[in-house]
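K.L.:
Fold the following for me, if possible:
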Amino acid sequence: MLIEYHFEFADGRHWQHRIDPAGSLVESDEELPEWTRLGFRQCDHCPLREPETAHCPFAVALVKPVEVLAQLPSYEQVQVRVLWRGRDIRQRTSLQRAFGSLLGALGATSGCPHTRMLQAMAWFHLPFSGSDETLYRVLGTHLLGQYLRQQRGLPADWALDSLRELYRNLRQVNLGMTERLRAAAVEDSGPNGMILLDLLAADTLYLLDQYEGELDRFFEAFFE
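P.N.:
Numbering: from 1, shown residues only. Reported below is the predicted structural model:
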């Protein structure tokens, strides 16, 4: 089961990238660029240390997309096709938004210690999701995960404290990866895609901290 992203550019070029929800493929050390080194603008809260880990796992997952997509401006319109779970999702959008959607799946499956909890969401990846869809999936994934923990006799976090902490850490990762991509990118689609992803994370964190009933209208039957 692979998530397949197919890009068709204005000049007729095609490019595709596959994501394994069980974990991204790791490139050999000899092929990896300098900006993937763990110590290259490493996130301040990263628990990984050299020499045990030579390269940032999130950065390694971005090598191939950056080679292709980061050479183009973020405003360029692309036709994107996502094949996943028997679905064929097509959308014409900006490269920035398309790259942001791809980055979300890559980050969740990269092996980064701060994105591991998002891997469950990658198995149910929803391309181009908006704020309410993301909040629904985030809350649903967290609460189901806590229920499964409870079934195994583990402590469960029903107050969402660990989820808020996860998203605070995730925002730092997004900002750190943006700095890496600025060093790697010729054009701005890479950093801008990361910024767009961070805006979605920031919005989700805000809704978790300051929930004001954004999803209530979908659950009216539960309140009767």
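K.L.:
For the protein, which segments are assigned as strands?
P.N.:
Along the chain, counting by DSSP state E, strands occupy 3-8, 14-19, 77-84, 87-94.
K.L.:
could I get these as CSV with distance to residue 165 and mean pLDDT?
P.N.:
(C-beta placed from N, C-alpha, C; glycine too.) Putting the strands of the chain into CSV (distance: least, Cβ to Cβ, whole Å; pLDDT from 0 to 100) gives the following:
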stretch, distance to residue 165, mean pLDDT
strand 3-8, 27, 96
strand 14-19, 26, 94
strand 77-84, 29, 95
strand 87-94, 32, 94
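K.L.:
Mind putting these into CSV with mean neighbour count and distance to residue 32?
P.N.:
Below are the strands of the chain laid out as CSV (neighbours: other Cβ atoms under 10 Å; distance: least, Cβ to Cβ, whole Å):
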stretch, mean neighbour count, distance to residue 32
strand 3-8, 18, 21
strand 14-19, 15, 17
strand 77-84, 18, 26
strand 87-94, 13, 28
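K.L.:
Which of those strands sits closest to residue 106?
P.N.:
strand 14-19 (6.1 Å; Cβ to Cβ).
K.L.:
quick one: contacts of that closest one?
P.N.:
2-9, 64-65, 68-69, 102, 105-106, 109, 122, 125 (Cβ atoms under 8 Å, 6 or more residues apart in numbering).
K.L.:
picking that back up, take the strands of the chain and lay them out in JSON lines including distance to residue 221.
P.N.:
What follows is the strands of the chain, written out as JSON lines (distance: least, Cβ to Cβ, whole Å):
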{"stretch": "strand 3-8", "distance to residue 221": "32"}
{"stretch": "strand 14-19", "distance to residue 221": "35"}
{"stretch": "strand 77-84", "distance to residue 221": "30"}
{"stretch": "strand 87-94", "distance to residue 221": "27"}
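K.L.:
For residue 114, find the nearest of these.
P.N.:
Closest approach to residue 114 among the strands of the chain is made by strand 14-19 (18.3 Å; Cβ to Cβ).
K.L.:
Just want the angle from the closest one to strand 3-8.
P.N.:
170 degrees (axes from the mean of the first three to the mean of the last three Cα atoms, to 10 degrees).
K.L.:
got the angle for strand 14-19 vs strand 77-84?
P.N.:
Using the same axes, to 10 degrees, the direction of strand 14-19 lies 40 degrees away from that of strand 77-84.
K.L.:
now the closest residue in space to residue 7 that isn't next to it in sequence: how far from residue 67?
P.N.:
Spatially, and ignoring its direct neighbours in sequence, residue 7 is nearest to residue 15 (4.8 Å; Cβ to Cβ, 6 or more residues apart in numbering). Using Cβ to Cβ, to the nearest Å, residue 15 is found at 10 Å from residue 67.
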